[in-house]
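> quick check, what structure comes out for this input:
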Amino acid sequence: MERLTGMDAIPVNAEAGPMNIHITALLVLDPTTAGPEFDADHLYSQLVERLPLNPLIRLRILQKPLRLGQPVFVDDPDFDVRKHLHRLAVPAPGGPRQVAALVDDIHRHRLGHDKPLWEAWVIEGLADGRLALAVKFSHALSDGVGAVNRLLPTLVSTHPDGAPDVPEPEPAAPLPGTGGLLADWLAETAGNVAGAARVVGRGTPQLGRAVVERLFSTANAPRRAKGEDDDPRLRAAPADTPLNRPITERRTNAFVDVELDRLRALGAAYDVTVNDIFVAACTTALREWLLANDAMPDAPLQVFVPISTRSADDEAFNSWSLAMVRLPVFLPDPLERLAIIHDTTNRVKTGRGTGGPAVDVADLLQLVPPNLMRVAANAYVHDLAAPLRPPFFHACFSNIAGPRETLWLGGARLEAIYPFGPLFQDMNVNLTAVSYDGKFGLGVAGCPDNVPDVWAITDAWLAALDELERLQPE
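Numbers count the residues shown, from 1 in each chain. Below is the predicted model:
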């Protein structure tokens, strides 16, 4: 039995209405490298053999009585990998849009809590004889970086003839009884009391100083991003656009990849990071979408940017913090947008210009009772005050560092990885990328009732890279 942290439990406690908090990863395989015997049947057999070796795959959620305290993960004594595996065929001609249409339906449905929080689909019929594997897993089970480090090694190896180096799992223990769950709740409550004291001790003095400085001093205010003092629009409340309309249950997805060296070269040319180039291209893509839909705002967009805090030996289910970044989407000059984005992300990384208390969000979430989180999530989904407040966020941009080397599954080469992240009630688009084997794979998830053509966003993202290449200094 392993208790979830407040951060881990968000996808369990906060799923409400059309808001499903899971990740879907599309893995494309080249079976020709493994010989004629590697077909969809063979891939399915490989999954049946390999997946149960990972203990994460066998974990299911167990709630405490009356949902007192955070839920726990337990080994599922009735685990059957075949209950999680499915097969699909892509309609002809088996191109990216046909594959994405299958992912649309996979990504839209919520994972049940009566069995381990994942499912997988073997997809055949891709063009050129490729096979694909779509894996959907709850964010409670892992964040994106954790999936690369802890889930992916179950399936693949770094040698064509290699097998995953995963130890045999221990036999499942009996499910804990009511007494054990209540004892865990008491231990959790005692820990939360101590945690609350730490949060108050760390946060209150800094919060007080921040309030005093905000009220009585502007001389020492943090320097704003380049150009922000000159353009009052960058200080305005986040814009109201179709990107923050209430989502529905439907999902639509698109994907594309480029050579990672393209982004590295652009980063070097402009003296910025690869992530800055990624965010700038995403900003341009949303700008082009807003222009095409006659919805260009005169205020910034606000974007949710998860930042991994996972170390090499981190075994936590989730290790990340968040930043809320405002994007100057209304500025026509792509180089000016890039400069502002670079300055903003640099201040986020260094902690400059936050203007608030340095209290870890994970520490705060640990103190929120699950039942209160459920009430808050339902209130958020049915937010009648949404037209009266600024949007919380318009989009999510996430950049995941993946494996650098070529990976293999039973001799079949893993060609590409495309991730698709969750949407929130007033966030209609998620752009998540993962680097792998010299490629940079972008997956875009959207709500088609508000963002009907996410392929236009991937096209605009590619065009944004082309534009930066044309404008780069000699």
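> so which elements touch the helix or strand where Arg337 lies?
Element membership for Arg337, per DSSP states H and E: helix 334-350. Packing partners of helix 334-350 (3 or more CB pairs under 8 Å, 6 or more residues apart in numbering; DSSP states H and E): helix 260-270, helix 274-292, strand 320-327, helix 454-471. (Glycine included, C-beta is placed from N, CA and C.)
> quickly compare the ones you listed and say which is most buried.
helix 274-292 (a mean of 23; mean count of other CB atoms under 10 Å).
> got the angle between it and strand 320-327?
Per axes from the mean of the first three to the mean of the last three CA atoms, to 10 degrees, the angle that helix 274-292 makes with strand 320-327 is 50 degrees.
> give me the number of residues near the nearest residue to Leu27 once chain neighbours are set aside?
Excluding its sequence neighbours, the residue lying closest to Leu27 (CB to CB, 6 or more residues apart in numbering) is Leu133, at 4.5 Å. By the criterion of other CB atoms under 10 Å, Leu133 has 21 neighbours.
> next up, the contacts around Leu133.
By CB atoms under 8 Å, 6 or more residues apart in numbering, the contact set of Leu133 is 26-27, 29, 43, 47, 120-123, 155.
> what bits of this protein have low per-residue confidence?
Scanning the chain for pLDDT under 70 picks out the ranges 164-169, 192-231, 350-364, 384-388.
> what angle separates the helix holding Arg337 from helix 274-292?
Using the same axes, to 10 degrees: helix 334-350 against helix 274-292 is 130 degrees.
> can you list the buried residues in helix 334-350?
Using 16 or more other CB atoms under 10 Å as the test for burial, helix 334-350 gives 334, 337-345, 347-348.
> hmm, back to that, for Pro391, find the nearest of the helices and strands packed on helix 334-350.
For Pro391, the closest of those is strand 320-327, at 10.9 Å, according to CB to CB.
> counting by contacts, list what that closest one packs against.
When contacts are defined as 3+ CB pairs under 8 Å, 6+ apart, strand 320-327 sits against helix 274-292, strand 301-308, helix 334-350, helix 361-366.
> let me see the contact set for the most centrally placed residue in the chain.
For the chain, the residue nearest the mean C-alpha position is Gly421 (4.6 Å; CA atoms, centre = their mean). Shown in contact with Gly421 (CB under 8 Å, 6+ apart): 23, 144, 396, 398, 430, 432, 443, 445.
> which residues are contacting the helix or strand where the fourth one lies?
Translated: Ser398. Ser398 is part of strand 395-401 when elements are defined by DSSP H and E. Outside strand 395-401, the residues that touch it by CB under 8 Å, 6+ apart are 144-145, 148, 243, 274-275, 278-279, 282, 286, 301, 303-306, 308, 325, 419, 421-422, 427-435.
> next, the angle helix 260-270 makes with it.
Using the same axes, to 10 degrees: strand 395-401 against helix 260-270 is 110 degrees.
> can you name the next helix or strand after strand 395-401?
Next element after strand 395-401 (DSSP H and E): strand 408-409.
> quick one: classify Gly112 as helix, strand or coil.
coil (DSSP: H, G, I helix; E, B strand; the rest coil).
> what about the residue nearest to the centre of the chain, distance to Trp121?
18 Å (CB to CB, to the nearest Å).
> ditto for Ala134
4 Å.
> just His86 next, same as before
Noted for His86: a distance of 5 Å to Trp121, by CB to CB.
> who's more crowded, those two?
Higher neighbour count among His86 and Trp121: Trp121, with 20 against 14, using other CB under 10 Å.
> so that one, which of the three states?
Look at Trp121: counting by three-state DSSP, its state is strand.
> let's have the chain start at 44 instead
OK, 44 is where the count begins now, so the last one is Trp164.
> residues touching the residue nearest to Leu303 when sequence neighbours are not counted, list them.
Nearest non-adjacent residue to Leu303, counting by CB to CB, 6+ apart: Phe483, 4.7 Å away. By CB under 8 Å, 6+ apart, Phe483 lies in contact with 300-303, 305-306, 321, 476-477.
> what's the closest of the residues you listed to Leu154?
Distance ranking of the contacts of Phe483 against Leu154, using CB to CB, places Val477 first at 20.7 Å.
> I'd say that closest one and Gly445 touch.
Yes: here Val477 reaches Gly445: they are 4.4 Å apart, a contact under CB atoms under 8 Å.
> who touches both of the two?
Each of 191, 460 lies in contact with both Val477 and Gly445 under the rule CB under 8 Å, 6+ apart.
> the more surrounded of those two?
Val477 (25 against 22).
> run through the residues that contact that one.
Applying CB under 8 Å, 6+ apart, the residues near Val477 are 187, 191, 442-445, 460-462, 483-484.
> so which pair among the residues you listed is furthest apart in space?
Ala444 and Tyr461 (15.3 Å).
> show me which of those two is the more surrounded one.
For Ala444 versus Tyr461, neighbours defined as other CB under 10 Å are more numerous around Tyr461 (28 against 17).
> which is the next helix or strand following the helix or strand hosting that one?
When elements are assigned from DSSP H and E, Tyr461 belongs to strand 455-463. Per DSSP H and E, the first helix or strand lying C-terminal to strand 455-463 is strand 472-479.
> paired strands for that following strand, with orientation please.
strand 438-444 (parallel), strand 482-489 (antiparallel) (DSSP bridges).
> now those strands in TSV, with distance to Arg278?
Converted to TSV, the strands paired with strand 472-479 look like this (distance: least, CB to CB, whole Å):
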stretch	distance to Arg278
strand 438-444	20
strand 482-489	29
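> deepest-packed of those, please.
The highest mean neighbour count among the strands paired with strand 472-479, using mean count of other CB under 10 Å, belongs to strand 482-489: a mean of 25.
> Ser354: neighbour count?
Neighbours of Ser354 (other CB under 10 Å): 9.
> and the nearest residue to it once chain neighbours are set aside, how many neighbours?
Sequence neighbours aside, Ser362 is the residue nearest to Ser354 in space, at 7.7 Å (criterion: CB to CB, 6+ apart). The local packing of Ser362 (other CB under 10 Å) involves 20 other residues.
> so how far is Asn56 from Ser362?
Counting by CB to CB, the separation of Ser362 from Asn56 is 19 Å.
> same check on Met44?
Met44 is 18 Å from Asn56, by CB to CB.
> neighbour count: those two, which is higher?
Using other CB under 10 Å, the more surrounded residue of Met44 and Asn56 is Asn56, with 27 against 13.
> specify the local secondary structure of the residue nearest to the more buried one when sequence neighbours are not counted.
Once flanking residues are discounted, Asn56 sits nearest to Met416: 4.0 Å by CB to CB, 6+ apart. Assigned by three-state DSSP, the conformation of Met416 is helix.
> still on that earlier bit, now the helix holding Arg380 and helix 497-514, what's the angle there?
100 degrees.
> using PDB, list the CA coordinates for helix 377-393.
C-alpha atoms of helix 377-393 as PDB (Å, rounded to 0.1, in the frame of the first residue of the first chain):
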ATOM      1  CA  PRO A 377       8.300  37.100 -34.100                       C
ATOM      2  CA  LEU A 378      11.800  38.200 -32.900                       C
ATOM      3  CA  GLU A 379      10.200  40.500 -30.400                       C
ATOM      4  CA  ARG A 380       8.000  37.700 -29.200                       C
ATOM      5  CA  LEU A 381      11.000  35.400 -28.900                       C
ATOM      6  CA  ALA A 382      13.000  38.000 -26.900                       C
ATOM      7  CA  ILE A 383      10.100  38.400 -24.400                       C
ATOM      8  CA  ILE A 384       9.600  34.600 -24.100                       C
ATOM      9  CA  HIS A 385      13.300  34.100 -23.400                       C
ATOM     10  CA  ASP A 386      13.400  36.800 -20.700                       C
ATOM     11  CA  THR A 387      10.200  35.400 -19.200                       C
ATOM     12  CA  THR A 388      11.300  31.700 -19.100                       C
ATOM     13  CA  ASN A 389      14.700  32.800 -17.800                       C
ATOM     14  CA  ARG A 390      13.000  34.600 -14.900                       C
ATOM     15  CA  VAL A 391      10.900  31.600 -14.200                       C
ATOM     16  CA  LYS A 392      13.900  29.300 -14.100                       C
ATOM     17  CA  THR A 393      16.000  31.600 -11.900                       C
END
